[in-house]
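Undergrad: Dropping a prediction and its sequence here:
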Amino acid sequence: MNKRLLYSLVLSGAIRYFISISKYSKSIENHVEVSTPLNSFKRLKEGVFLYNNGIDPYIGDIFHENPFILITASFLLNNFADFISLIFIFVDLVTAVFIFYGTKGISKKNFKKQQLEVSTYAEGTEEIQFNESDINNVPFYCALAYLFNPYSILNCVGQTTTVWSNLILSLMVYALSKELKLLCLILLALETQRNFYPFILIVPIALAFSENSKSKNINRLMTILLFAGIFGGLNYLAFIQMSSWKFIDSTYGFIIHCRDLTPNIGLFWYFFTEMFDHFRQLFLYTFQLNTTILYLFPLTLTFKESPEFLLTILLSLITIFSSYPCIGAIAFYMSLIPLWKRVSPFMSHNFIVMTTFLVTSILGPTVYHLWMYANSANANFYFGVTLVFSTSQIFLLTDLCFAYLKRKFCLSHGVSFDKTMKLSLE
């Protein structure tokens with residue numbers, strides 16, 4: 001293993017461990033920025049307790065994880081209850097390792113693809129081209145972006161199930177980079193079972209696996225159908241385990257209908273708290289379309305030649321617009337952004353985005369405390385902060401997309417060019 005990565009794993013693991021045994025760990029676990037009704041460790045333990053006592057945890061409105069996580073959590077809590085915090089830390093570190101090797105494979109692929117196209121590039125564009133050093137450096141930056149991101153650290157200390165979700169996604173990225181199609185689709189189906197929205201990632205995955213195929217459209221269709229079959233099979237296995245289909249409504253139904261309006265860093269809770277009931281369905285489906293297929297087709301048409309970049313953008317959009325977002329999911333998509341290092345010279349809003357992230361990350365918990373505990377603020381204050389926080393993420397994504405397109409243009413036309421305009425007056 002890369003020595004730099006090993007040292008980083010040890011240091012980040014130590015940071016996670018010392019925070020998890022500190023007096024602040026319980027406070028972190030209870031923060032709405034970290035825990036949501038979908039990923040809360042408290043709700044997970046409640047679901048396991050009900051399951052172990054022969055009560056269906058999906059009957060009430062407490063537990064919303066899929067049956068596979070329920071069974072895994074039951075095994076861990078029954079046999080390794082004293083080591084749960086260490087298990088979460090270990091899983092988080094393994095996630096960073098798979099991010100490293102997954103992005104390394106993607107970096108190699110980008111470099112090889114560039115070698116085939118370099119003859120079409122304009123002169124003087126070497127600085128914005130992928131080079132051989134990126135194959136080792138970029139994956140390390142991606143791993144660092146996850147290991148030392150405050151969001152991923154707080155997510156790990158809070159022991160949310162998003163830690164496991166990030167592991168599944170990192171394994172999926174690794175399988176994609178190694179062209180392990182079946183494994184990649186199984187992992188995507190598992191994550192879709194847990195979080196619903198990732199089903200749209202089948203589009204960049206289908207594009208990626210069809211790049212070297214002669215019949216691309218047929219290959220893509222077969223990939224989508226295979227994913228649908230695996231997803232259906234996993235749900236049937238869950239039905240066999242639970243002897244009931246009630247988990248469908250408690251997982252997908254809960255996410256789609258946004259039944260719990262506990263405040264979080266997303267946009268759903270405030271709107272539907274204020275919404276008149278007779279408008280709820282209309283806006284609910286509008287919001288869900290915005291999270292899933294609204295941007296899927298235009299982004300696919302624009303970035304179809306780079307499925308991995310499309311995957312990064314779609315992951316980001318899912319995180320921003322989902323009904324129960326959390327900072328742990330933000331940490332994962334941020335770890336993929338260094339993969340596009342050569343795009344960064346064309347990004348123009350870095351300072352604004354970084355400053356907004358910093359200010360809102362500090363101001364959010366502060367305003368929430370003033371609202372809930374000090375009674376000196378209200379929901380408008382907190383939602384205002386989360387709205388700016390979401391806007392900063394949108395600025396980051398739009399900046400990244402435009403930078404990618406600018407780099408693509410400059411590779412073909414040159415980094416610097418003259419544009420002469422002639423105006424004739426008669």
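TA: Nice, I can see it.

Undergrad: Report how many residues lie close to A379.
TA: The number of residues packed near A379 is 16, by other C-beta atoms under 10 Å. Every C-beta, even on glycine, is put in place using the N, C-alpha and C of the backbone.

Undergrad: Can you give me the pLDDT of it?
TA: At A379, the pLDDT value in this model is 90.

Undergrad: cool, Q129 as well?
TA: What the model reports as pLDDT for Q129 is 89.

Undergrad: low-scoring pLDDT stretches of the stretch 301-426 of the chain, where are they?
TA: 416-426 (pLDDT under 70).

Undergrad: try it again with 80
TA: Within the stretch 301-426 of the chain, the stretches with pLDDT under 80 are 415-426.

Undergrad: mind listing the helices for it?
TA: For the stretch 301-426 of the chain, the helices defined by DSSP state H, counting those that start in this stretch occupy 307-321, 327-336, 350-372, 379-413.

Undergrad: do the stretch 1-150 of the chain as well
TA: 3-20, 25-30, 41-52, 67-79, 84-117, 134-147, 150-157.

Undergrad: and H31, how many residues sit next to it?
TA: Using other C-beta under 10 Å, the number of residues around H31 comes to 16.

Undergrad: what's the neighbour count on the spatially closest residue to it that is not a sequence neighbour?
TA: Closest residue in space to H31, ignoring its immediate chain neighbours: P365 at 6.4 Å, by C-beta to C-beta, 6 or more residues apart in numbering. By the criterion of other C-beta under 10 Å, P365 has 17 neighbours.

Undergrad: what's the answer for N235, then?
TA: 20.

Undergrad: What residues does it make contact with?
TA: Q193, I248 (C-beta atoms under 8 Å, 6 or more residues apart in numbering).

Undergrad: Okay, it and L167: tell me how far apart.
TA: 21 Å (C-beta to C-beta, to the nearest Å).

Undergrad: what do you get for I248?
TA: Distance of I248 to L167, given as C-beta to C-beta: 24 Å.

Undergrad: Tell me which of the two has more neighbours.
TA: Neighbours around I248 and L167, counted as other C-beta under 10 Å, are more numerous at L167. The numbers are 21 against 15.

Undergrad: looking at the helices of the stretch 1-150 of the chain, which is closest to Y404?
TA: helix 84-117 (12.1 Å; C-beta to C-beta).

Undergrad: and that closest one, which residues are buried?
TA: 84-85, 88-89, 92-93, 95-111 (16 or more other C-beta atoms under 10 Å).

Undergrad: With stretch 124-144 instead?
TA: 125, 128-130, 134-135, 138-144.

Undergrad: residues contacting F196?
TA: Per C-beta under 8 Å, 6+ apart, neighbours of F196: T251, Y252, I255, I256.

Undergrad: What is the most widely separated pair among these?
TA: Farthest pair in these, by C-beta to C-beta: T251 and I256, 9.7 Å.

Undergrad: With neighbour numbers in mind, choose between those two.
TA: The residue with more neighbours, out of T251 and I256, is T251; 24 against 18, by other C-beta under 10 Å.

Undergrad: The more buried one and I337: what is the separation?
TA: For T251 relative to I337 (C-beta to C-beta), the value is 29 Å.

Undergrad: One more: N136?
TA: N136 is 18 Å from I337, by C-beta to C-beta.

Undergrad: What of T125?
TA: 22 Å.

Undergrad: Using PDB, write out the CA atom coordinates for stretch 178-185.
TA: The C-alpha trace of stretch 178-185 is given here as PDB (Å, rounded to 0.1, in the frame of the first residue of the first chain):
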ATOM      1  CA  LYS A 178     -11.900  -2.500 -12.800                       C
ATOM      2  CA  GLU A 179     -14.800  -3.100 -15.200                       C
ATOM      3  CA  LEU A 180     -16.400  -5.600 -12.900                       C
ATOM      4  CA  LYS A 181     -19.800  -5.200 -14.300                       C
ATOM      5  CA  LEU A 182     -21.800  -7.700 -12.200                       C
ATOM      6  CA  LEU A 183     -20.300  -6.600  -8.900                       C
ATOM      7  CA  CYS A 184     -20.800  -2.900  -9.800                       C
ATOM      8  CA  LEU A 185     -24.500  -3.500 -10.600                       C
END
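
Undergrad: what comes up buried for it?
TA: L180, K181, C184, L185.
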